[in-house]
Every structure is written in C-alpha cells, then in structure tokens.
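> can't give you the sequence, but here's the structure:
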Ligand code: ZN
C-alpha cells in the first residue's frame, strides 16, 4: 500500500504576514494550548458563512459522522486505550487536590498527551508516553472512583482492573511501541497497536499471500478493514463493519452519512455516499473499491469528505487502514493554481527525469483542488496532514485517477502561528536566505504540497507483474521520497513561471533551503537522544537531504559549515542541487517500478535512519532556547444547528472558542460509541 500524506515540518514556517491571505478575522487567536512537545492550535474556516444552507447542513452531518468514529481509532491504537481513557478523565474531572503539586501537573500533562495520541503512544514517534506522576498518586485517585467509574465488567475484580491499568501506564516494557519497524524483530508481534493479536509476521503474510492472486489486475486492498487474530489455532480476520468489529460506532457513522446523503449536491455525490454506506454495512472490500472509484470520479461537488479506514502507517505491514475523517469544501480561488497544475499533468509526466519506460504513457484524471478543512477526526485529529491524495489502490489510481487536495486553511494556521518565533534567526545561514524564505516559503511550501500530492504520487508506473507491496517495510519511505523528489524537481522548473503559478524563477530556492535544512538538521528536534529516525516521512526527508549532501560533495553543491561554533546548511549551487534531486528521483523510480527490495533497503539504511549524535545534540540545544514545540495539532470548531420554532434547521452556527481539554472531554461525553 502506498502512503499518501504530506506532513509539514511545523516549525519550518517562519513568515511575514504579507505572504498570507488576509484572515477573515484579523484578531483570530491561533494558539490554544501547550504541553510536553505539543502545541495545540485552532484553524479558521473562511467562507463558511457564505455557503448555502444545504452545504452547511451537509458539513454538519458529515462532521457528526466524523466525530462518531472517534473511539475506533482509540481502539485501533491499542486494546486498552478505551478502558484507560474514561478512568483518566474521571480522575482529571474530579480532582480536588492541590493544583500546583508536581503529581497533578504531571498527571495533567499525561492526560493531554494521551488525548493527543488517541491512546498511550506518541502519534509520531509511536513510543509509549512516560508518566511523570507517582503510582501512589494514581492509587489514591483511583481509590476515590466507584466500580462503575472504573468501567468494571461483570465478573471482573477491581484490583485486577487497577493492576492492569497500572501496567498499561507505568510498565515501560509493556506495549512499548505502537508500530515497531525494526526489521530485526517480528514487527507484528512487537507492535502494540491493536491490528493483530496472537499472530506472527510470518503467519499474517502467509494468510494474505494465500488470498492474493498475482494475476488479478484489480485486487482489493487486502487487510484494509480487519484485525487479524488467532482463533482455535487458526489465523482469521475480524472485519470492521456494521455487524462486526466496531459495529456500534459504524452504526452511528451510517446514520449521519444517511442524513448527509439527503442534502447531497448532486447524483454523483449521492451515489458515492450510498456506496460508502453499503461498504460500512457489508465490510466487503469490493464495495470499498467501487466507492473509491465513484468518489475519485466526482470532481464537481464543492463539499467533500473522507470517512473510513484509509492510511496504513499504523500497521507495521502497511495493510490495515487507520480510521480517519476529513470534512471539507473547495476553495475556488486557490484551486485555480492546482487546476492549472493538473491540467498540465501529462507535460510534467513526459518531462520527468526518470527512465522513459517507467513514465505513464497516459496520465489519467489527476484532479487537484485546494480545500478548506471544516472537521478533522480519527487519525487526522488532533495532528493532521496538510495534503492528501486518495484513493490508495494503485490500479484505481491508474484506471480512474485520484483526487489530490491541499488543506490551505491548515497550512495558513501553521504559518500564522509561527510568525516571529525566532526560527530563521537561529538556523538559517544568512539574512538574504532568511529574507527569501520570508517572501517565498509560504507559497513554495503550498506548491510543494500541490506537486507532491497531485503529480508526485500519481506519476510513474510499475513494470508488468511487479507487486505493489514489493518494497515492504521500506515502501512508505521510498514512496514519500518519490513524491517529494518529483515536487522538488519541478518547483525549480521554468514551466511554473510560464504557467503563471509563480512570479519569480528563483522562488524555489526558499523551499530547497528549507528542505535541506530540515532533512539534515532541524527535523532531528523530533527525535529523542540516542534514537534513530523511524517515521516514514522523516526518513524520506533525511534520505533525500543526506543523499544530496553526499553526492554533491565533489562539486560543493551543498555543505554543512561552522559559524561561531554552530552548524549551518550552505547551498552553493541551487541548479546542481536540482539535478541531484532529478537523479535520485530516477533511481528511486526504478527501484519502485522493478520492485527492487534490496536496492530500496540499502538506500534507506544508508541515508534515512542513522543520526549523528553530535549534530543531534546541537540541534536539540539550539531548539531548546527557542521554545518551539516540535509537534502541532488542532482543536476543531464546534458546529451547532440553529432551529426555527418548528424545529427545522435554518442555519449552522460555527464557534471557535472551545479549549483543548474541554473539547476532548465533550467528545468523550457525546461520542463514546464503543465500550
Ligand atoms: Zn505523500
């Protein structure tokens, strides 16, 4: 399975407001909360008030369908998360002790982390959170809870449940890592996510290999909507659907999708919602493929959404989709930019610096738009992507095209919240480079996302008979690298100026500098001392930057230089750097097209994984002085129907004032669908 999301390096955007659209409300407050390594922001939903009543209703119903699935991701992320969450929340709400005590402060931090991770693991590093409050504190607070508050099921003993919860919280070796990609261990058995139980990697692979027919030109996405377990010694699937696993949550989702269908904008949209409901009822992956095709082909509707088991980053084998939802509507003005890019998709494909036999002879239906996010949920909340390209199935993309979106109001919120944070002054080599980034990074970042999602993932083709999963655990990293390289290569192409997308042929240098700086240095801020790079997007960025540094050494294309004892990235030749990106794109495309696992593994292991401890420490020290959290996420706005005296909806009100803890607690009160 390909992985098709772009995450922005949150701390990279340091902009002057001049580069941004004027916000609807100039006093909009983007900052919500800060804890651990996280900053929570809010995003504005510009133009919401100018939508039609039916569109607003549809966004509201889809938002409810989004929130209804919240518990699914909690359970997918770990089998005790839904047992732990209400207990932690009871303690949090009922606490009447000293709020200045170290234990309380540590508990509050842990609670907020668990909310942010949708479970006990960090959303990005996948490591288990380390509680800094004492076991005694927990014991005392738990003693004050009734059996019901502890979630005791019939026949369960109180002390057993407390002991289990303590193991879940305090034992660092128990469920240590949500997704373990270490190829020296059994990555299925050693991953704490709840996608497998009692099975080994070899058993799961054998199970699915027996199902796969290599000659099938339209294979379903095996394992996408199921948990694999061993029952009576036999490996079997528990499928997510109305009458299966997660049925109660799925019933609510189906209800709200049904309401949305009533106010659909057109028949095409009604058809894909109907098919999505069918799929949730049956759990049949053929239905999902039919839905995906209808969805990909509907490019007319303004309101749009994703709701389902989609991305497979949380599965060590890259098969099972994490539940997520994005609800959004089109930003018509900014979409002119992506429409121009996608209208020229064939030109970009034909000029791609790869082996011509791996180019797509005919690029089909790459539709691209800029959207305004209206609700983020499941695996897309609180941390979200800024660009999405779906569906994931390669054969559907090839035959029916794909939809690529850039979430502009989210990118804008990141940028607005970063103004004046001191990042450039600390890490950018000189004032001219810094000025160039101030002027052009916002637009080139957005263009990078457009090109990555709209063209990058969709470009190229596999040689006949090559399995799309052939690169296995390195598939996601290499796929992201391919899409990033495609974007980087074309950002510097005069074609963008010719198409009127950008006015300065050197604007790309802002993105190049940022990319190299991030890949070589600043993203290390997200890694704990002594650890390797693990997450696929981070590996991809280091792979590209480290490869370009090494291969540009002779010509001094890029260097790491010292100034006043600090390390800086220095780019001496931007044109040659572009050539290097083109070369690596070609190399990785060949690896992907031929399914050359060994070559892919070598590339990833040599460039993408290892960290220089000295440079790492320097980056962490320099960041520490800046107080820029490495991770950011969002609270959602709250939508409330406005009723007339007959109870009819006459408007949907939008409110931005809800805080982070309040939002999480409200979601737990109103959307706890799985017990
Ligand atoms: Zn991607």
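Great, that's in hand. Note that this is a predicted model, so its numbers are computed, not measured. Residues are numbered from 1 along each chain as shown.

> Might you name the residue of the stretch 151-300 of the chain sitting closest to the ion?
For the stretch 151-300 of the chain, the residue positioned closest to the ion under C-beta to the ion is residue 296, at a distance of 16.6 Å. Just so you know, the C-beta spots here come from the backbone N, C-alpha and C atoms, and that holds for glycine as well.

> which residue sits closest to residue 310, ignoring its sequence neighbours?
residue 321 (4.8 Å; C-beta to C-beta, 6 or more residues apart in numbering).

> quick one: contacts for the one you found?
Residue 321 makes contact with 221, 224, 225, 308, 309, 310, 311, 312, 315, according to C-beta atoms under 8 Å, 6 or more residues apart in numbering.

> Kindly indicate the member of the residues you listed with the most neighbours.
For these, neighbours were counted by other C-beta atoms under 10 Å; the highest total belongs to residue 309, with 28 neighbours.

> my guess is that one contacts residue 225, does it?
Yes. If you go by C-beta atoms under 8 Å, residue 309 and residue 225 touch, sitting 4.7 Å apart.

> Pull up the overlap in contacts between these two.
Contact criterion C-beta under 8 Å, 6+ apart; residues bridging residue 309 and residue 225 by contacting each: 240, 320, 321.

> Keep only those of these that are in helices.
With helices identified by DSSP state H, none of the entries of these belong to them.

> As CSV, those with pLDDT and distance to the ion would be great.
As requested, those are exported to CSV (pLDDT from 0 to 100; distance: C-beta to the ion, whole Å):
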residue, pLDDT, distance to the ion
240, 98, 24
320, 97, 19
321, 98, 16
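
> picking up where we left off before, next one: phi and psi at the residue nearest to residue 310?
The phi/psi pair for residue 321 (degrees, to the nearest 10) reads phi -80, psi 140.

> name the helices or strands packed onto the helix or strand in which residue 257 is found?
Element membership for residue 257, per DSSP states H and E: helix 247-262. Using 3 or more C-beta pairs under 8 Å, 6 or more residues apart in numbering; DSSP states H and E as the contact definition, the elements that helix 247-262 packs against are helix 53-67, helix 70-76, helix 267-282.

> out of the ones you listed, nearest to residue 352?
Relative to residue 352, the nearest member of the helices and strands packed on helix 247-262 by C-beta to C-beta is helix 267-282, separated by 31.0 Å.

> And that closest one, what's buried?
Across helix 267-282, burial judged by 16 or more other C-beta atoms under 10 Å covers 268-277, 279-280, 282.

> Would you reformat those residues as JSON lines and include distance to the ion and pLDDT?
Formatted as JSON lines, the entries for the buried residues of helix 267-282 read as follows, by distance: C-beta to the ion, whole Å; pLDDT from 0 to 100:
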{"residue": "268", "distance to the ion": "26", "pLDDT": "98"}
{"residue": "269", "distance to the ion": "26", "pLDDT": "98"}
{"residue": "270", "distance to the ion": "30", "pLDDT": "98"}
{"residue": "271", "distance to the ion": "28", "pLDDT": "98"}
{"residue": "272", "distance to the ion": "23", "pLDDT": "98"}
{"residue": "273", "distance to the ion": "26", "pLDDT": "98"}
{"residue": "274", "distance to the ion": "29", "pLDDT": "98"}
{"residue": "275", "distance to the ion": "25", "pLDDT": "98"}
{"residue": "276", "distance to the ion": "23", "pLDDT": "98"}
{"residue": "277", "distance to the ion": "28", "pLDDT": "98"}
{"residue": "279", "distance to the ion": "24", "pLDDT": "98"}
{"residue": "280", "distance to the ion": "26", "pLDDT": "98"}
{"residue": "282", "distance to the ion": "30", "pLDDT": "98"}
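
> Could you dump those into JSON lines and include distance to residue 346?
Conversion of these to JSON lines gives the following (distance: C-beta to C-beta, whole Å):
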{"residue": "268", "distance to residue 346": "24"}
{"residue": "269", "distance to residue 346": "27"}
{"residue": "270", "distance to residue 346": "31"}
{"residue": "271", "distance to residue 346": "28"}
{"residue": "272", "distance to residue 346": "26"}
{"residue": "273", "distance to residue 346": "31"}
{"residue": "274", "distance to residue 346": "33"}
{"residue": "275", "distance to residue 346": "29"}
{"residue": "276", "distance to residue 346": "31"}
{"residue": "277", "distance to residue 346": "36"}
{"residue": "279", "distance to residue 346": "32"}
{"residue": "280", "distance to residue 346": "36"}
{"residue": "282", "distance to residue 346": "37"}
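
> one step back: doesn't the residue of the stretch 151-300 of the chain closest to the ion belong to a helix?
Yes. Checked against DSSP: H, G, I helix; E, B strand; the rest coil, residue 296 lies within a helix.

> per-residue confidence for it?
Looking at residue 296, its pLDDT stands at 95.

> Tell me the strands beside the longest strand anywhere in the chain, with direction?
Longest strand in the chain, counting residues (DSSP state E): strand 366-378. Partner strands for strand 366-378, per DSSP bridges, with pairing direction: strand 322-330 (antiparallel), strand 402-407 (parallel).

> Show me what the helix or strand following that strand packs onto, helices and strands only.
Going down the chain from strand 366-378, the next helix or strand is strand 387-390, by DSSP H and E. Contacting strand 387-390 under the criterion 3+ C-beta pairs under 8 Å, 6+ apart are the following elements: strand 5-6, helix 285-297, strand 303-311, strand 402-407.

> among those, which is the most enclosed?
The highest mean neighbour count among the helices and strands packed on strand 387-390 belongs to strand 402-407 (a mean of 28), with neighbours defined as mean count of other C-beta atoms under 10 Å.

> thinking again about what came up before, starting at the chain centroid, how far to the longest strand of the chain?
Using C-alpha atoms, centre = their mean, to the nearest Å, we find the averaged C-alpha position of strand 366-378 to lie 12 Å away from the chain's own average C-alpha position.
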